[in-house]
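Trainee: Coordinates for the following, if possible.
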Amino acid sequence: MKKYWKENGKGWLKAVLFAAVAVTIIKYFIFLPVSIDGSSMFPTFQQNDQIIVETIHQIDRFDVIVFRDSSNRTFVKRVIGLPGESVRYEDDQLFIDDKPISEQFLENDYVEKAGGVWTSNFTLESLTGDVVVPEGHYFVLGDNRRLSHDSRYYGPIPAETIIGEAIMVYYPFERISIVN
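Mentor: Predicted structure coming up:
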């Protein structure tokens, strides 16, 4: 047995070190675990859901992103407006550059049973004074529009504050799912 370890120990040590470095890189630089705190993304996420965030990403409309504010607090919201686009809501309908856009993720029992207006009327210009989302920024909203503190309050978020895109719920186990 001693002879085996003497001959193969370096190989095993290299393999273990490589695995540890690979896991560390994946866990802390490519996929990050994040805990949901609050109800602004309900029903997509619930309080204390544990999610995986992919840090290498291209941001598209309706991606669920994780970002930090100027106080270094972490938030999870959905991208609604991209750089250079005008954004408005009228009668619960999203308009991007004056074209109606469907929000299928809002077609669920929670929103339907709530009744009334889900997203109050606004224009980007009435909120921020900007006609379009500034370059290098994104307009984000929580799925639970009535209880979400989002770009309607603090304006579009800078791209450099984005940590990554939420890709799945991994805990609690009965809620394991891919984020759409």
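Trainee: check contacts around residue 108.
Mentor: By Cβ atoms under 8 Å, 6 or more residues apart in numbering, the contact set of residue 108 is residue 43. For every residue, glycine as well, the C-beta is placed using N, CA and C.
Trainee: center of the protein - which residue?
Mentor: residue 65 (1.9 Å; Cα atoms, centre = their mean).
Trainee: can you pull the pLDDT of that residue?
Mentor: The per-residue pLDDT reported for residue 65 equals 96.
Trainee: can you check residue 22 too?
Mentor: So, for residue 22, pLDDT stands at 49.
Trainee: longest strand in this structure, by residue count?
Mentor: The longest strand of the chain (DSSP state E) is strand 162-171.
Trainee: Show me what the helix or strand hosting the residue nearest to the centre of the chain is in contact with.
Mentor: Per DSSP states H and E, residue 65 falls inside strand 64-68. Outside strand 64-68, the residues within contact range by Cβ under 8 Å, 6+ apart are 32, 34, 41, 44, 53, 57, 59, 74-79, 138, 140, 157, 161-166, 179.
Trainee: What residues of that strand count as buried?
Mentor: 64, 65, 66, 67 (16 or more other Cβ atoms under 10 Å).
Trainee: Residue 174: what secondary structure?
Mentor: Look at residue 174: counting by DSSP: H, G, I helix; E, B strand; the rest coil, its state is helix.
Trainee: Distance of it relative to residue 167?
Mentor: 19 Å (Cβ to Cβ, to the nearest Å).
Trainee: Next: residue 125.
Mentor: Residue 125 is 33 Å from residue 167, by Cβ to Cβ.
Trainee: out of the two, which sits in the more crowded spot?
Mentor: residue 167 (16 against 13; other Cβ atoms under 10 Å).
Trainee: Alpha carbons only: can I get the strand holding residue 65 in PDB?
Mentor: Extracted as PDB, the C-alpha positions of strand 64-68 are listed here (Å, rounded to 0.1, in the frame of the first residue of the first chain):
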ATOM      1  CA  VAL A  64     -34.400  37.400 -14.400                       C
ATOM      2  CA  ILE A  65     -31.200  39.100 -13.200                       C
ATOM      3  CA  VAL A  66     -29.400  39.500  -9.900                       C
ATOM      4  CA  PHE A  67     -27.700  42.900  -9.300                       C
ATOM      5  CA  ARG A  68     -26.400  45.000  -6.500                       C
END
